[in-house]
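Asks: I'd like to go over a predicted model; first the sequence, then the structure.
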Amino acid sequence: MPKSTGMEILPFENWFKNSINTPFLIAGPCSAESSDQVMKTARAIDKLNKVTLFRSGIWKPRTHPDSFNGVGVKGLKWMQQVKKETSLRTLVEVAVPKHVEQCLAHEIDAVWIGARTTSSPFAVQELSEALAGTNLPVFVKNPINPDIGLWIGAIERLLKEGIIKIAAIHRGFFPFETTSLRNIPKWEVPIELKQNFHELPILCDPSHISGNVNYIKKISQKALDLNMDGLMIETHINPSSALSDSEQQLTPHALDELISKLVIRKSSSSDVGFASLLDKLRNQIDSIDQQYLELLAQRMKIVEKIGSYKKENNVAIFQLDRWEEIIATRMDLAEKIGLDKEFVLNFLKSVHKESIQIQTKVMGNNNENTPRNA
Ligand code: PEP
Ligand code: MN
């Protein structure tokens with residue numbers, strides 16, 4: 001069920017006059033560094049005729065206090081110049097109400113809330129109040145950790161203040177192990193977010209997911225394949241000299257090349273042949289889903305019987321040998337029939353958890369304090 005706060009998000013196509021949807025693109029440097037860097041980057045991006053919003057970090061939420069923390073208010077003047085000289089609209093990160101005030105004073109067109117800020121309900125509440133009545137579109141990045149509640153909560157706070165131009169940006173989640181990516185995309189999270197807010201535009205920031213230039217195209221394509229509404233890609237006139245996120249920024253030329261290689265997917269197709277084949281395939285899926293759910297129900301009935309049988313014979317529910325045998329044989333089968341092993345393992349764990357739950361009930365131990373999904 002979609003969330004209801006009384007306010008409805010305005011459909012994305014009504015946000016910006018003359019937006020270019022190839023898809024909807026946001027590009028610009030991680031940070032504004034100098035007037036020269038901002039203007040050269042903006043002019044080169046403008047020439048591509050593919051980008052609607054020009055982004056720049058003005059105040060940077062850096063992990064370490066001695067890192068480059070952004071140029072501050074003088075960068076907003078450069079952004080104003082971008083607006084004057086190019087067809088681009090401007091987008092800046094805000095983290096505290098003062099930032100909002102200064103953005104308004106410099107005619108910034110839209111703001112984004114960074115991952116660290118989305119993680120803090122107090123900060124989001126203060127920002128929402130500062131943004132109320134400004135008509136500024138707000139792009140909300142996902143929180144650092146995959147806690148969808150924080151992301152939903154941030155959007156609800158904005159909606160409650162009457163803000164209706166809200167979009168989300170999936171920028172990946174903090175990895176607890178070293179991976180080739182800087183932040184781990186969890187595509188199921190923005191999908192769940194969309195189920196909560198049907199009108200919410202969702203964009204992807206492949207730059208912060210990737211952390212270097214190697215995976216930006218692949219991540220961007222994945223986002224488009226999932227029907228996301230746009231991309232935010234960090235772009236710098238001279239990435240190697242960048243004061244922040246130097247490894248992940250593209251030149252405007254590389255951005256152009258990357259965009260032209262992306263396959264743009266349509267939300268749907270009006271082609272009759274396509275619709276009828278899709279219908280046929282979906283009917284097959286419906287029938288298969290029905291069959292395995294009925295099989296699962298049968299399985300759980302047997303589990304119940306096993307539970308009673310164990311109870312009568314005073315035998316423990318959990319049997320390590322049996323569980324290991326189930327995993328080994330099913331994983332073997334999964335491999336033979338070409339199913340992803342991790343997917344099958346997760347599925348088995350979920351089935352096993354339910355089986356234990358059912359047997360616990362049969363044994364009469366269902367009033368323990370363990371949450372169902374612990
Ligand atoms: C940024 O976009 O430069 C940024 C700081 O992003 P995030 O909040 O996603 O880390
Ligand atoms: Mn950055």
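Replies: Nice, I can see it. Ligands and ions are numbered 1, 2, ... in the order given.

Asks: Can you tell me how far the residue of the stretch 101-250 of the chain found nearest ligand 1 is from residue 61?
Replies: Ligand 1 sits closest to residue 114 of the stretch 101-250 of the chain, with a gap of 3.1 Å, by CB to the nearest ligand atom. (C-beta placed from N, C-alpha, C; glycine too.) Per CB to CB, to the nearest Å, residue 114 is found 5 Å from residue 61.

Asks: Could you pull up the residues touching residue 35?
Replies: 77-78, 81 (CB atoms under 8 Å, 6 or more residues apart in numbering).

Asks: Tell me the buried residues within those.
Replies: The neighbour count (16 or more other CB atoms under 10 Å) marks residue 78 as buried among these.

Asks: In helices only, show me the contacts of residue 35.
Replies: Per DSSP state H, helices hold the following members of the contacts of residue 35: 77-78, 81.

Asks: Out of the residues you listed, which comes closest to ligand 2?
Replies: Checking those against ligand 2 with CB to the ion, the nearest one is residue 78 at 17.1 Å.

Asks: In this structure the closest one contacts residue 38, no?
Replies: Yes. Taking contacts as CB atoms under 8 Å, residue 78 lies within contact range of residue 38: 4.2 Å.

Asks: what touches both of those two?
Replies: With CB under 8 Å, 6+ apart, residue 78 and residue 38 have common neighbours 32, 56.

Asks: Export the contacts of residue 35 as JSON lines, with columns for distance to ligand 1 and pLDDT.
Replies: What follows is the contacts of residue 35, written out as JSON lines (distance: CB to the nearest ligand atom, whole Å; pLDDT from 0 to 100):
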{"residue": "77", "distance to ligand 1": "20", "pLDDT": "98"}
{"residue": "78", "distance to ligand 1": "16", "pLDDT": "98"}
{"residue": "81", "distance to ligand 1": "20", "pLDDT": "98"}
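
Asks: would you list the contacts of residue 35 in JSON lines and tack on distance to ligand 2?
Replies: Converted to JSON lines, the contacts of residue 35 look like this (distance: CB to the ion, whole Å):
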{"residue": "77", "distance to ligand 2": "21"}
{"residue": "78", "distance to ligand 2": "17"}
{"residue": "81", "distance to ligand 2": "21"}
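
Asks: So which of the contacts of residue 35 is the closest to residue 294?
Replies: residue 78 (63.3 Å; CB to CB).

Asks: what about that closest one, distance to residue 40?
Replies: 11 Å.

Asks: Repeat that for residue 167.
Replies: 28 Å.

Asks: With neighbour numbers in mind, choose between those two.
Replies: Taking other CB atoms under 10 Å, residue 167 and residue 40 do not tie; residue 167 has more neighbours (23 against 15).

Asks: Please name the nearest non-neighbouring residue to the more buried one.
Replies: Of all residues not flanking residue 167 in the chain, residue 201 sits nearest, at 4.2 Å (CB to CB, 6 or more residues apart in numbering).

Asks: on that earlier part again, which among the ones in helices among the contacts of residue 35 gets closest to residue 353?
Replies: residue 78 (55.0 Å).

Asks: which ones are touching that closest one?
Replies: Counting by CB under 8 Å, 6+ apart, residue 78 has contacts 32, 34-35, 38-39, 56.

Asks: Could you give me the ChimeraX syntax to select whichever of the residues you listed are buried?
Replies: To isolate the buried members of the contacts of residue 78 in ChimeraX, using 16+ other CB under 10 Å:
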select :32,38,39,56
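
Asks: how near is whichever residue of the stretch 251-374 of the chain sits closest to ligand 2 to residue 359?
Replies: Nearest to ligand 2 in the stretch 251-374 of the chain, going by CB to the ion, is residue 255, at a distance of 14.8 Å. Separation of residue 255 from residue 359 (CB to CB): 57 Å.

Asks: neighbour-wise, which of the two wins?
Replies: Just comparing residue 255 and residue 359: by other CB under 10 Å the higher neighbour count belongs to residue 255, 24 against 21.

Asks: got a list of contacts for stretch 17-27?
Replies: Stretch 17-27 is contacted by residues 12-13, 45, 49-55, 87, 91, 139, 201, 203, 224, 228-235, 252, 255, 259, 262, 264 when judged by CB under 8 Å, 6+ apart.

Asks: Just the ones of those residues in strands?
Replies: 53-55, 91, 139, 203, 230-234 (DSSP state E).

Asks: out of those, which one sits closest to residue 308?
Replies: residue 203 (53.0 Å).

Asks: My read is that that closest one contacts residue 231, right?
Replies: Yes. Contact criterion CB under 8 Å: residue 203 and residue 231 qualify, at 6.2 Å.
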